[in-house]
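1. Sequence isn't available, so here's the structure alone:
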């Protein structure tokens, strides 16, 4: 009897630019990820939520009442739309929901389901069992179908175009260093991508960037911006260790038949002698919005303008990540999109020809944030995207979080009663 998988039921992982119902994040709490530099991090999260809550729901995992109160306080101070924010009581080890959160899939009828991949903290750290339970928690909260796989996979290790193509790296999924799935070869990995994400073709790049403790995540080096277009991180400095790996990836993408647009790298960032994985490729695509990391670097503007040309129908906004990157992750690492249910109709928008950037700064709690808004002007005709949304049936979709701290727990979702699973079975089992 043939095993039922998302693919046999007609499901596929949508592209990140497809309409979202919500973005899932986890509020920062693990100070060991930012040793001695934790204080600014909640404010970076607050600014992210401020932007996201203006265009879609934001669903935030918090470990307890105290952390939720802290989060609410920050969000009120930065002016986030708390009516678009839901809090869920779910303990986590870290904040990187891209890597341990569920990966959502959708079928042609517009129904949304979840895939639950194994997580082992990048085969590097010992504290991961709370994070590994998050997909189960989310599936129960949303009451959606969920398929559990036997393969270790982090969301940041791959990127899809929503039409059957997937990008990943050999360094992350095939290397014996930080091996996620020992004994699992290329063909078996590709079979999992096909069966659970609806992927028809995998494009294997070689290596990631220096300083990346995940050992080769693709969301720091190459990202789809359209079904046939990718941005590829590019290093001009021939003496930089990123130069040759990024050049090789660029050639592989061109050989794969894709349109490849170079995205500059910022100048090297380091802290306490450690190279940090700063990359503009770690942007996040939301409804009508692209949030892009900036690093107080001359190439910030070039990167923002490049993304603005590639996303002419979205506002491209810079978020200063010089503090966040000390935790070895940025905007894409800390977010996970939940696609909107319902059928959607797509048309195309031509690229804009001219762009300019406005920069302004403001402070919260003594921490200064710099934001660069890119406005793009075009003389081309635009065809707007038309999206037809059906009701999702999600019982939490219309719940508003507009209570004060004293009454903040009326619509809070908890992990109480859920079994904590210890995923110790072998890969592929």
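-> All right, it came through fine. A quick note: this is a predicted structure, and the numbers were derived from the prediction, not measured.
2. Can you classify the spatially most central residue of the chain as helix, strand or coil?
-> Closest residue to the average C-alpha location of the chain: residue 332 at 3.4 Å, with C-alpha atoms, centre = their mean. Under DSSP: H, G, I helix; E, B strand; the rest coil, residue 332 falls in the coil class.
3. correct me, but it touches residue 97?
-> No - counting by C-beta atoms under 8 Å, residue 97 is not a contact partner of residue 332; they are 10.4 Å apart. No exception for glycine: its C-beta is placed from N, CA and C like everyone else's.
4. residue boundaries of the strands in the stretch 101-250 of the chain?
-> Using DSSP state E, counting those that start in this stretch, the strands of the stretch 101-250 of the chain run over residues 103-107, 112-118, 146-152, 159-160, 165-169, 201-205, 222-226, 229-234.
5. Provide a list of residues in contact with the closest residue to residue 213 other than its chain neighbours.
-> In space, and not counting its chain neighbours, residue 213 is closest to residue 328: 5.0 Å by C-beta to C-beta, 6 or more residues apart in numbering. By C-beta atoms under 8 Å, 6 or more residues apart in numbering, the residues touching residue 328 are 33, 211-214, 276-277.
6. Using ChimeraX, make a named selection holding only the buried ones among these.
-> Buried residues within the contacts of residue 328, by 16 or more other C-beta atoms under 10 Å, are selected in ChimeraX with:
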select :33,211,212,214,276,277
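7. of all the contacts of residue 328, which comes closest to residue 132?
-> residue 214 (16.0 Å; C-beta to C-beta).
8. Surely the closest one touches residue 155?
-> No - using C-beta under 8 Å, residue 214 is not in contact with residue 155, being 10.9 Å away.
9. Now do the shared contacts for these two.
-> residue 99.
10. before we move on, back to that, output the strands of the stretch 101-250 of the chain in CSV; the columns should cover mean pLDDT, distance to residue 6 and mean neighbour count.
-> Converted to CSV, the strands of the stretch 101-250 of the chain look like this (pLDDT from 0 to 100; distance: least, C-beta to C-beta, whole Å; neighbours: other C-beta atoms under 10 Å):
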stretch, mean pLDDT, distance to residue 6, mean neighbour count
strand 103-107, 98, 5, 22
strand 112-118, 98, 6, 22
strand 146-152, 95, 6, 18
strand 159-160, 98, 13, 23
strand 165-169, 98, 14, 24
strand 201-205, 98, 16, 19
strand 222-226, 98, 20, 23
strand 229-234, 98, 24, 22
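11. Including distance to residue 316, could those strands go into JSON lines?
-> Converted to JSON lines, these look like this (distance: least, C-beta to C-beta, whole Å):
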{"stretch": "strand 103-107", "distance to residue 316": "24"}
{"stretch": "strand 112-118", "distance to residue 316": "27"}
{"stretch": "strand 146-152", "distance to residue 316": "33"}
{"stretch": "strand 159-160", "distance to residue 316": "18"}
{"stretch": "strand 165-169", "distance to residue 316": "21"}
{"stretch": "strand 201-205", "distance to residue 316": "24"}
{"stretch": "strand 222-226", "distance to residue 316": "11"}
{"stretch": "strand 229-234", "distance to residue 316": "12"}
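12. wait, which of those is closest to residue 311?
-> Of all those, strand 222-226 comes closest under C-beta to C-beta, at 6.7 Å.
13. Would you mind stating the distance between the residue lying closest to residue 296 once chain neighbours are set aside and residue 65?
-> Excluding the flanking residues, the one nearest residue 296 by C-beta to C-beta, 6+ apart is residue 322, at 5.6 Å. Using C-beta to C-beta, to the nearest Å, one obtains 31 Å as the distance from residue 322 to residue 65.
14. which of these two has more neighbours?
-> residue 322 (19 against 14; other C-beta atoms under 10 Å).
15. Just name the shakiest helix or strand of this structure by mean pLDDT.
-> Here the helix or strand of the chain ranked lowest by mean pLDDT, DSSP states H and E is strand 386-387, holding a mean of 36.
16. Just give the nearest non-adjacent residue to residue 30, would you?
-> residue 94 (5.4 Å).
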